[in-house]
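> With the input below, show me the fold.
(one chain, ligands or ions: 1)
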Amino acid sequence: MENSKLIALVSGGNRGIGEAVTIALARQGVHVLMGCRDVALGEAAAAPMRAEGLSVQPVQLDTTNDASVAGLAALIERDFGHLDILVNNAGVGLDYDPTLTVLEKLERTLEVNVVGTVRVTEAMIPMLSASKAPRIVNVSSELASFGLHFTPDWEHSDKKMPTYKASKAALNSLTLSYADQLQDKGIKVNAICPGYTATAATNFGPSRTPAEAAVIVVRMALLDNDGPTASFYNDVCELPW
Ligand SMILES: NC(=O)c1ccc[n+]([C@@H]2O[C@H](COP(=O)([O-])OP(=O)(O)OC[C@H]3O[C@@H](n4cnc5c(N)ncnc54)[C@H](OP(=O)(O)O)[C@@H]3O)[C@@H](O)[C@H]2O)c1
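Numbering: from 1, shown residues only. Below is the predicted model:
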């Protein structure tokens, strides 16, 4: 595949894992649209990437806002006529916020991690359908894995995040449904777990870097035609749903 002809959209591309995915895809020759709620933050993040010669373009994207998503879809249609890679990375985890009730946590988390992902995906399907090798990568979490949940000595059994886990389980379910629904258009749809990574979302606690987390995202974004669809992987192995 000639990566230099590929166009990618990464939601939440201005920081954390999304920023690392933007850099890693651009280093593969892809033109990356960095979805940012605040384009000024995106421009600041993009400056060192451009200095490195990377082809990155901050674009306004609030996944919870119909007009923002529709506006970006129109921009992509006008300027490129297709989209090759959609990385649904934007996400929140609010379980440890003491100021919110459980219902508030659930509603706000589902709004971004599930409804927002569907809003963006639906808007981009026409552009993805115009690609020769379209790929959707949903940034999920092994915290959503039913299979791992009751595994003895699971390293993440200490993470009590019911609303976040529910949101990513819903995202995993949608991954399977979209993979089925979009198979006829040649769109491969996979979920990945980036691993427990040092970002604002984890108070920069873990030692794993966003660049390490980006590896599996990029692998799934640049899949060959014989690569999987409807799968759930981290950078080491396939994960149980
Ligand atoms: N870090 C981990 O250990 C880990 C593990 C497994 C999965 N994940 C997943 O990886 C993804 C990225 O997480 P991260 O750790 O990089 O988090 P992060 O540093 O908190 O970054 C989250 C990104 O999502 C964006 N975002 C949030 N709400 C949005 C919305 N409504 N519209 C558009 N963008 C929005 C943020 O934009 P603003 O800058 O405007 O807030 C930011 O760019 C998430 O889906 C997360 O669930 C993370």
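> any idea how far the residue nearest the centre of the chain lies from the ligand?
Computing the C-alpha centroid of the chain and ranking residues by C-alpha atoms, centre = their mean puts residue 89 first, at 2.3 Å. With the distance defined as C-beta to the nearest ligand atom, to the nearest Å, residue 89 ends up 5 Å from the ligand. Yep, even glycine has a C-beta here, placed from its N, CA and C like the rest.
> what packs against the strand or helix carrying residue 213?
Here residue 213, judged by DSSP states H and E, is contained in helix 210-221. Helix 210-221 sits against helix 16-27, strand 85-88, strand 135-139, strand 188-192, strand 232-233, with contacts defined as 3 or more C-beta pairs under 8 Å, 6 or more residues apart in numbering; DSSP states H and E.
> make it 7 Å
Contact analysis of helix 210-221 by 3 or more C-beta pairs under 7 Å, 6 or more residues apart in numbering; DSSP states H and E lists helix 16-27, strand 85-88, strand 135-139, strand 188-192 as its packing neighbours.
> So is that helix next to the ligand?
No. Legend: contact between helix 210-221 and the ligand by C-beta under 6 Å from any ligand atom is lacking; minimum distance shown is 6.5 Å.
> any low-confidence regions in this structure?
Flagging of the chain using pLDDT under 70 yields the residue ranges 1-4.
> So which residues on it come close to the ligand?
Taking C-beta under 6 Å from any ligand atom as the criterion, the chain approaches the ligand at residues 11-12, 14-18, 37-38, 41, 61-64, 89-93, 112, 116, 139, 141, 193-194, 196-197, 199-202.
> circling back to that earlier point, tell me how far the residue nearest to the centre of the chain lies from residue 136.
Here the distance between residue 89 and residue 136 works out to 11 Å (C-beta to C-beta, to the nearest Å).
> and what of residue 195?
Remark: distance between residue 195 and residue 136 (C-beta to C-beta) = 20 Å.
> Tell me which of these two has more neighbours.
residue 136 (27 against 18; other C-beta atoms under 10 Å).
> I figured that one hits residue 84, correct?
No. Here residue 136 lies out of contact with residue 84, judged by C-beta atoms under 7 Å, at a distance of 10.4 Å.
> quick one on the thing from earlier: which outside residues touch the helix holding residue 213?
Contact with helix 210-221 is made by 8, 16-17, 19-21, 24-25, 28, 85, 87, 135, 137, 139, 190, 192, 194-195, 197, 199, 233-235, as judged by C-beta atoms under 7 Å, 6 or more residues apart in numbering.
> if we go to 8 Å?
Residues from elsewhere that reach helix 210-221, judged by C-beta atoms under 8 Å, 6 or more residues apart in numbering: 8, 16-17, 19-21, 23-25, 28, 30, 85, 87, 89, 135, 137, 139, 190, 192-195, 197-199, 227, 233-235.
> Show me how to select, in PyMOL, the buried members of those residues.
For anyone working in PyMOL, the buried entries among the contacts of helix 210-221, judged by 16 or more other C-beta atoms under 10 Å, can be selected with:
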select buried, resi 8+16+17+19+20+21+23+24+25+28+30+85+87+89+135+137+139+190+192+193+194+195+197+198+199+233+234+235
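> and residue 64, what is it in contact with?
For residue 64, the contact set (C-beta under 8 Å, 6+ apart) comprises 111-112, 115-116, 119.
> What about those, which are in helices?
residue 119 (DSSP state H).
> Out of the contacts of residue 64, the closest to residue 80 would be?
The shortest gap between residue 80 and any of the contacts of residue 64 belongs to residue 119, at 19.9 Å (C-beta to C-beta).
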